[in-house]
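J.: okay, sequence plus prediction incoming.
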Amino acid sequence: MARSLRVTIDNLPKVKLALQRNGYPSQKTFAADIGPSLSTVKNFLGGKPIDYENFREICDQLGLDWQAIAYTESPSVLDAPPAALEASPFITGTPIHHPRHFFGRERPLKRCFTLLKHHPLQNMAIMGPRRSGKTSFLRYLATITTASPDQLRPHQEHNWLPRPDLYNWIFVDFQDTRMSSQDKLLGHLLSALRLPVPDALDLDGFMDRVSGAVHQPTVILLDEIGVGLQRCPELDDAFWESLRSLATNQTAGNLAFVISAPETPMELAQHSGFSSPFFNIFGYSTTLDPWQQQDTLDLMASSPIPFTDADQAWICQQSGGWPFLAQILCSERLFALDNDETGTAWQTEGLKQIEPYRYLLDQR
Amino acid sequence: MARYTHAPHLHPNLFWGSLHLLCWFFFHPSAWKHHLRPINLRPDFCLAEIDWRQPQPLVLKRLLIQGYVILPLLVGIVVGVGLWGFGVSGTDMAFGIAVGMAASGAGSLAGGMVVGVAVSLASSFIGGMVVGLLFGAMLGTTTLADLGWGSAAASVGVLQSFIHPVSLVGINASNVAASVAVSLSPRRSDRIPVSQKVGGAVLGIVLSLSGLWAVSQATTQLLRPGAIPLNAFSFTLLGLGMGCFYGIALGWRTQRWRIAIPMCLGLGACIGTAVGLGLNVDSIVVRGMAIGGGNALLLTTLFALPYVLTESIAGPWIAAVVGTIGSGGVYIIFASLIGGLSLQLTLPLSLVCIALGLTMAQWRPILLYPVQVLWNQCLYRLDTQRTEHQSSYLRWHTVFWDEFQYLPLVGLDQHLVLALESWSREGQAAIDFIDHTPQRWAAHQAQVELNIRKLEQCQTIADICQVQKKILGEETEESYLFRICKQMSLDVDAALQQRSSYNQRLALSAILERLDAQRQVIRGDAAYVLRPANNGHRTARFRTIFQAWHQIISQQIETLQTETDQNQEIDSPYIIGIPLTGQQALFVGRTDISQRIEQLVRDDRSPALLLYGQRRMGKTSLLNNLGRLLPQTIIPLFVDLQGSASRAQDHTGFLYNLAKAMSAAANQYRGVKFPPLERSDLAVDPFTQFEEWLDQVAVLLGNRTALLALDEFEVLVGAFEQGRFDEAAILGMLRHLMQHRPQFKVLLSGTHTLEAFKSWASYLINLQVVPVSYLTGPEALQLITSPIPEFELQYESDAVQRVIALTHCHPFLIQLLCAEIIALKNEQDVAIRRRASLADVEAAVPQALTSASFFFADIEQNHVSADGLAILRYVAAQGEGNGVAASELSQYLNKPVDGLIHRLIQRDLIQPINEGYCFQVELIRRWFIRFPKA
């Protein structure tokens, strides 16, 4: 199950009606009553993805069957949200799906693609605190090279790989509970590798099928691997050693792993009680830091309604350059501008929204 | 430029301006037309059209002064000077001047009133000048002395003697008038239907002939030879007749018959009387004026009537013909009847004169051509000696003042090119002017020549880009080649507009190909492009141009390539975190180890080998490369025990995967295909089945040796501990293999010696340990400075030494640090990108520690105990290369440290130094300094 959910387009009228039926005069009142932020409620009612927990909570509050109205994504889906919905300029709460909305991170991107453009492909680890943009970074890696230039911002670099069409990107989100089951995970990998998936699949059989069968550059993106290590007992030392063997000896240099985690791989393994040498194959590891100021400014420049210099300076300062915080504050500012609100109420609301994530500001 | 125009300014001086006007009438009528345009007058305007009650512009007033005062005076001066030159007496000279000035003044005024100002001024000037010279030189005052009322017979003789030349002068003046009239008139006649022209001509001729008939009748009756009543009355009658004619012409022009006819009759009678009286006055000057003025008025009137009548119907050209016939005819009749001359002589001569007059625009340029060419050549020679700061003489070239010259003016194109190169603005203005004249061929030729020169002058790629803007399109024989050049220039410009250097090179290369193709076309089939007879030399020039351009574009591609090479980021050849395979050129050295392995494999006393080394020392990479390093008689069978083999759940799976890995390796490294062994074959009694399979393999091996290399053998220990495999069975199988199959050797590879696994020792007897440690100095140097052929980064010598010092020749750490140095250099300016200094090495260290945190953390977390860590941190804190004595460490930990130190040395972490211990690898010490509490 994906960690973010959204209401299907068909059910949007039903959801909006439910709000009225339950006696809420406005979205703001509803948000104040139930806890999740106003922007989360707006996203929910607008059919945009929100966090799983919030989705369930709102549905419970409105008396809706969350499973009936939720649109769930396939774990390997890397494409943009449906075109029927207008893309929001600022993405809050969910990873960046469309490369157009991804900003900054030039340096680590360059390093990553340097390691991926030559044979043998090399492994790398992307670290960073929660909400630092690791998932977005992984998705961006997978999508930017094949994105159509007309779908990107002007001058957005996308020629990172000489033959992007050859690459096979496999995204594994360990927060998806299905991925905690070894056979489902192996089945997902086999399927993504375009290999036949047998009914009964064990590690031995998986290795048997994959060894020597990867002939095109393949990058397996293991998102939130820490969750996999901590919550998935089926993914034991043997599993991770097999993956290491795949990357080092069985695929002729055609397979690489890119993992994301809050800690270094070795710390992860140690904290999780693993001794597997899988965690020392990552030749490059980097920690996602806050943006450069220019990146924050670039984000704000994408707003359909221009922000004033003062607003920009305030957002830069308050977000500390963290993309997630900057997106929230920009979203609030845009909402206020959209509704012709004056004053500094948006700043108050913005600061309230980023309050739970202030730990980011203490990172450096 | 005002110099090269059909609208030049009239010279401001009245005298020179008058001469200027005359030049316009004969050579440059367009200038006259433009001169009148601001005052809204037609070029063939006449004074009768002007409303004199209105205030007149200054330009017109100046014209009138110049035409009716200055020009007659000029005639007088010219006649005077001419007669003086002939050596005539002063009296005759005064007579001639009087005749000329009077003829000029009267003729221009009378003609200007009804025929046209320009026509009359031009014809009167010529007529006055000629008649003045003739009368002054040929007849003289003495001959005319008897010309009086009382001596008619003598007078007739005199008349007979001068009437012939006067008639010729009259015809000549008429011709001039006709020619000027034709050239000045707007091209109205082009729009007049032919029938109307013919009708007008017939009418004009009929009218003229009627007039002539009337005159001839009157003359026949009145001026019979020998009885000519040369008195005031007869001249008054003649004046009345002429006044009548003139009145009709004026009335026709002004449509004011009531005023025109009586006024002209009166004026004619008065003038006739005055002429008659004037002839009898005893003054040479008065007589001369009477003769000149009277004849001029007579001639003008005879020309004016048919001209005016016909012009409005049939256009000026027909009118000029009719007018000339009218006036000329009268004179011929006068000549034949009064003078008694034979028509046989006069008529052809007159007709020739008429024809010459009407075709003056055609024969005059031919006549003047040699002179003009000579003149123009002189100007060109003078211009070649002038500098850019001096003005050009080109403006005096005949093409700019003789618009009737239709013959190609030889050398004009050459002169234009000179002007374009030395005085470009002036030259261009001249080209623009000439482009609308019959000499436009010269403009085109000059432009072609100039274009070729511009193409030839391209020295750089920027010149080629710009030249398309300078080449003017000309539809010439060379158009095809110019179009190619222009297109090339545009293409080069577009190519250089490309954002990426790669695309620029791509586009330029395509242009180069096209250029090559065009060169072949020119070389192979010049006739296809040009007419070689005329332009063979130009084809050769284009060939040279193409060749030069080819060279310039090629050089640009090379320059771009060089710039690209310099700008291009350095590709890191280093591979970190995964073992090197046999395909990567990066694997360096280790020949000493492979030789040791080969030696042990060939030695029957050492059936088993242990490749021992710390993590990341390159064991797996070495095993991957054994196929290349060992001779063909040894078949390395590489088996990664982290893979499928040790993942198996039972012996069947283990042996199956082992056999599968062995088969794959044999095939990969030596192309040997082992017999197949299926999992089902091993289902029952797997070890026996496996042994039988080995028997088959042994047969296949022949005299070759198989080296079974089991990488990461420690994984098996885990499997034994989990109870998946029976230790005795597996190790027993390996022992059997070693003892009873001399063609098989076993090599274990791992980070442990068998000291750690006591039970293995009994199975693996006589195990020979082959250590894998740091690279040698030369191997490290190669890995740093030339990891791959044509490596783009150069190190300064102290930088190399620093890398070696920091890494202690550790293969992984060298790769790590060098990869970070490359990443760092790629962020630097192009100018310093390809040379690594000591500072770069130091700057790359922190990032190296971050990037490979897994390596250092592995040491910290998995290879060292807590006390070991404490020792490492303590030693690390002492600084680079500084040792700590064992006693100090013991005191620091408050316990004996000998065992700890031994294990740390065994782990290649510390080494003895000066009775103490320090870090083996400075980079690892940096980790413990940087993250002391990690």
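T.: Yep, that arrived.
J.: please count neighbours and contacts with C-alpha atoms only from this point.
T.: Fine.
J.: give me every residue that touches residue 277.
T.: No chain specified, so I'll use chain A. A:241, A:244 (C-alpha atoms under 8 Å, 6 or more residues apart in numbering or on different chains).
J.: oops, wrong one, chain B.
T.: So residue B:277 contacts B:231-232 (C-alpha under 8 Å, 6+ apart).
J.: report whether stretch B:617-634 contacts chain A.
T.: No. Judged by C-alpha under 8 Å from any C-alpha of the partner chain, stretch B:617-634 stays clear of chain A, getting no closer than 9.1 Å.
J.: now do the strands in the chain.
T.: Defaulting to chain A. A:4-7, A:50-51, A:70-71, A:123-127, A:168-173, A:218-223, A:255-261, A:282-287 (DSSP state E).
J.: I was thinking of chain B, sorry if that wasn't clear
T.: Under DSSP E, chain B gives strands at B:608-612, B:634-640, B:705-711, B:744-750, B:768-771, B:794-795, B:835-836, B:910-913, B:916-919.
J.: for the strands of chain A, give me CSV that also has mean neighbour count and distance to chain B.
T.: Formatted as CSV, the strands of chain A follow (neighbours: other C-alpha atoms under 10 Å in any protein chain shown; distance: least, C-alpha to the nearest C-alpha, whole Å):
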stretch, mean neighbour count, distance to chain B
strand A:4-7, 24, 31
strand A:50-51, 20, 32
strand A:70-71, 19, 39
strand A:123-127, 26, 7
strand A:168-173, 22, 20
strand A:218-223, 22, 15
strand A:255-261, 25, 10
strand A:282-287, 24, 4
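J.: show me what contacts the nearest residue to residue B:365 once chain neighbours are set aside?
T.: Spatial nearest neighbour of residue B:365, excluding adjacent residues (C-alpha to C-alpha, 6 or more residues apart in numbering or on different chains): residue B:405 at 5.0 Å. Residues near residue B:405 by C-alpha under 8 Å, 6+ apart: B:365-366, B:369, B:399, B:438.
J.: before we move on, back to that, relative to residue B:314, which of the strands of chain B is closest?
T.: strand B:835-836 (93.1 Å; C-alpha to C-alpha).
J.: for stretch A:284-304, list the C-alpha coordinates in PDB.
T.: What follows is stretch A:284-304, C-alpha atoms only, in PDB (Å, rounded to 0.1, in the frame of the first residue of the first chain):
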ATOM      1  CA  TYR A 284      29.000   7.000  -3.000                       C
ATOM      2  CA  SER A 285      26.900   8.200  -0.200                       C
ATOM      3  CA  THR A 286      25.600  11.700   0.300                       C
ATOM      4  CA  THR A 287      23.400  13.500   2.700                       C
ATOM      5  CA  LEU A 288      20.700  15.800   1.400                       C
ATOM      6  CA  ASP A 289      21.300  19.200   2.800                       C
ATOM      7  CA  PRO A 290      19.000  22.200   2.600                       C
ATOM      8  CA  TRP A 291      18.800  24.000  -0.700                       C
ATOM      9  CA  GLN A 292      21.000  26.700  -1.900                       C
ATOM     10  CA  GLN A 293      19.100  30.000  -1.700                       C
ATOM     11  CA  GLN A 294      18.800  30.100  -5.500                       C
ATOM     12  CA  ASP A 295      17.000  26.800  -5.500                       C
ATOM     13  CA  THR A 296      14.400  28.300  -3.100                       C
ATOM     14  CA  LEU A 297      14.100  31.300  -5.300                       C
ATOM     15  CA  ASP A 298      13.600  29.100  -8.300                       C
ATOM     16  CA  LEU A 299      10.800  27.300  -6.600                       C
ATOM     17  CA  MET A 300       9.100  30.600  -5.700                       C
ATOM     18  CA  ALA A 301       9.600  31.800  -9.300                       C
ATOM     19  CA  SER A 302       7.400  28.900 -10.400                       C
ATOM     20  CA  SER A 303       4.400  30.400  -8.600                       C
ATOM     21  CA  PRO A 304       1.600  31.500 -11.000                       C
END
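J.: fine by me, we can end here.
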